[in-house]
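In: Need a 3D model of the sequence below.
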Amino acid sequence: MSNSDLNWIANFIWGIADDVLRDLYVRGKYRDVILPMTVLRRLDALLEPTKQAVLDMKASLNKAKIVHQDQALRQAADQAFYNMSKLTLRDLKARSSQQQLKADFEAYLDGFSPNVQDILEKFEFRNQIPRLSKSDALGTLINKFLSPDINLSPNPVKNPDGSVKHPGLDNHAMGTIFEELVRRFNEENNEEAGEHWTPRDAVKLMAKLIFLPIADKIQSGTYLLYDGACGTGGMLTVAEETLQQLATEHKKKVATHLYGQEINAETYAIAKADFLLKGEGEAADNIVGGPEHSTLANDAFLSREFDFMLSNPPYGKSWKSDLERMGGKEGMKDPRFVIQHAGEAEYSLITRSSDGQMLFLANMLSKMKHKTKLGSRIAEVHTARRYSRGTRDKGKATFAAGSLRTIGSKPSSPCPSTCSTTPASPPTFGC
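Out: Below is the predicted model:
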């Protein structure tokens, strides 16, 4: 499918917001409805062919009194998700009563698997239903997403004569459309690069800095990629694509497993949804997030080591609440931030509580591999002043210099003005 076709579909969905939500929401809030509805329509289309198989499996499992049903239902759906409700979105089109439609729509949502429930919860989508129903907009919204003018299904829509009216939408194309909608909503809300997302050019540069120096050393096998501040998941996706491309060019076969953690609920929901829409169910399961999942105070991947790590952590943001949850500076025992070094049993990497940026690097350093030929390679975005000798924060300066000495590496050559260098593991370069 061409880029013009994908843009047309994105424009159609964008137009739904203006058609249905104009008098209900300010423009900055359109995303609260359109993004989760886009996810729901795509998942609904993917599940249509196996709907009855899932219902039959659910009945069999209940009859056998089997409690843990998730994996069996995923297999029945032939997807990394499922819906146990007897309803589909198309079934809801016939509801004449807004009250009945609201009840049935909520029952339909309740039927989704736990991973989809997590996305809906973090989007806070159920909070929008009363407003949509009260204004008679819920039915219109569903009908718009089911319009014969658009196809969000992987299967082609055909004319009566058998010719293709709308081609099927594969997972990659659907992911592209979703990411385009996210980008537009970011611009609509005047969100600057770096707030919840990193410019794609910068992400591509980081991926190249990690992979290109060792491209000829990549062997066939399995590699783990990690982002401790993964936002909407763009860094992981670009890194995976870059690694796969280089492996193909060098006639190697690699498998990749993606892991990420994100504290912002909505951006976490977008990341998890994006991976599901692109058919990467395992990656979606390995994305952990929400306000209760701070990378600093609640590491989701304890004791796990990774081959490649990329991140653009928040800077200038206080981590005082995390510090308090971890016992304060005096009570801190986290082995990521209090280490054995230079003869000291408890060498502290803790920085001032007004800015926890450097601790994200300490988190990555703790997850490095030391017993593989390539070790681990890290790329992380930091402001240049973190490495200035004149920094007022002695902890940051000591940590930056200590990290460089410990891993025996130097920062990379200067990046564009929007980036700065960061220490990394040999022969890694960071941006």
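
In: Now do the contacts for residue 167.
Out: Taking CB atoms under 8 Å, 6 or more residues apart in numbering, we find residue 167 in contact with 1, 5, 151, 156. Just so you know, the C-beta spots here come from the backbone N, C-alpha and C atoms, and that holds for glycine as well.

In: so how many other residues sit close to residue 257?
Out: Neighbourhood size, residue 257 [other CB atoms under 10 Å]: 16.

In: re the thing from before, from the contacts of residue 167, which is closest to residue 327?
Out: Distance to residue 327 across those (CB to CB) is lowest for residue 1, with 53.2 Å.

In: sorry, back to before: out of the contacts of residue 167, give me the two with the largest separation.
Out: 5 and 156 (12.5 Å).

In: follow-up on the earlier one: now list the buried members of the contacts of residue 167.
Out: Those of these that meet the buried threshold are 1, 151, by 16 or more other CB atoms under 10 Å.

In: Out of the contacts of residue 167, flag the one nearest to residue 253.
Out: residue 1 (26.8 Å).

In: my guess is that closest one meets residue 173, correct?
Out: Yes. If you go by CB atoms under 8 Å, residue 1 and residue 173 touch, sitting 5.1 Å apart.

In: got any ranges where the stretch 51-200 of the chain has weak pLDDT?
Out: Within the stretch 51-200 of the chain, the ranges that satisfy pLDDT under 70 run 96, 191-197.

In: ok, which stretches of it are strands?
Out: 157-158, 164-166 (DSSP state E, counting those that start in this stretch).

In: Any buried residues in the last one, and which?
Out: Right, the one you point to is strand 164-166. Those would be residue 166, for strand 164-166 by 16+ other CB under 10 Å.

In: And that strand, what does it pack against?
Out: Judged by 3 or more CB pairs under 8 Å, 6 or more residues apart in numbering; DSSP states H and E, strand 164-166 is in contact with strand 157-158.

In: Quick one: the helices in the stretch 151-300 of the chain, in order.
Out: For the stretch 151-300 of the chain, the helices defined by DSSP state H, counting those that start in this stretch occupy 171-188, 200-211, 234-249, 265-277, 281-285.

In: Residues contacting the last one, please?
Out: By CB under 8 Å, 6+ apart, the residues outside helix 281-285 that reach it are 74, 79, 80, 81, 115, 236, 257, 258, 272, 273, 275, 276.

In: which one of the residues you listed sits closest to residue 127?
Out: Nearest to residue 127 among the contacts of helix 281-285, with distances taken as CB to CB, is residue 273, at 17.1 Å.

In: Give me the neighbour count for the closest one.
Out: 31.

In: need the strands of the stretch 51-200 of the chain in TSV with distance to residue 111, can you?
Out: Output for the strands of the stretch 51-200 of the chain, formatted as TSV (distance: least, CB to CB, whole Å):
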stretch	distance to residue 111
strand 157-158	25
strand 164-166	27
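
In: Please state the backbone phi and psi of residue 379?
Out: Here is the backbone geometry of residue 379 (degrees, to the nearest 10): phi -130, psi 130.

In: what two of the contacts of helix 281-285 are the furthest from one another?
Out: 74 and 236 (22.0 Å).

In: Comparing those two, which residue is more hemmed in?
Out: Counting neighbours by other CB under 10 Å for residue 74 and for residue 236 shows that residue 236 has the greater number, 29 against 18.

In: Contact partners for that one?
Out: Contacts of residue 236 (CB under 8 Å, 6+ apart): 225, 227, 230, 258, 260, 283, 310.

In: And for residue 54?
Out: 47, 73, 76, 77, 82, 83, 84.

In: same question, residue 364
Out: Here residue 364 is in contact with 226, 228, 309, 311, 378, 380 (CB under 8 Å, 6+ apart).

In: what would those residues look like in TSV with pLDDT?
Out: What follows is those, written out as TSV (pLDDT from 0 to 100):
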residue	pLDDT
226	98
228	96
309	97
311	94
378	94
380	90
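
In: Can you select the buried ones from these in ChimeraX?
Out: Buried members of the contacts of residue 364, defined by 16+ other CB under 10 Å, are picked up in ChimeraX with:
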select :226,228,309,311,378,380
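
In: Next, the contact list for the residue nearest to residue 221 when sequence neighbours are not counted, please.
Out: Counting by CB to CB, 6 or more residues apart in numbering, the nearest residue to residue 221 once its immediate chain neighbours are dropped is residue 254, at 6.3 Å. Taking CB under 8 Å, 6+ apart, we find residue 254 in contact with 218, 220, 221, 222, 223, 243, 244, 247.
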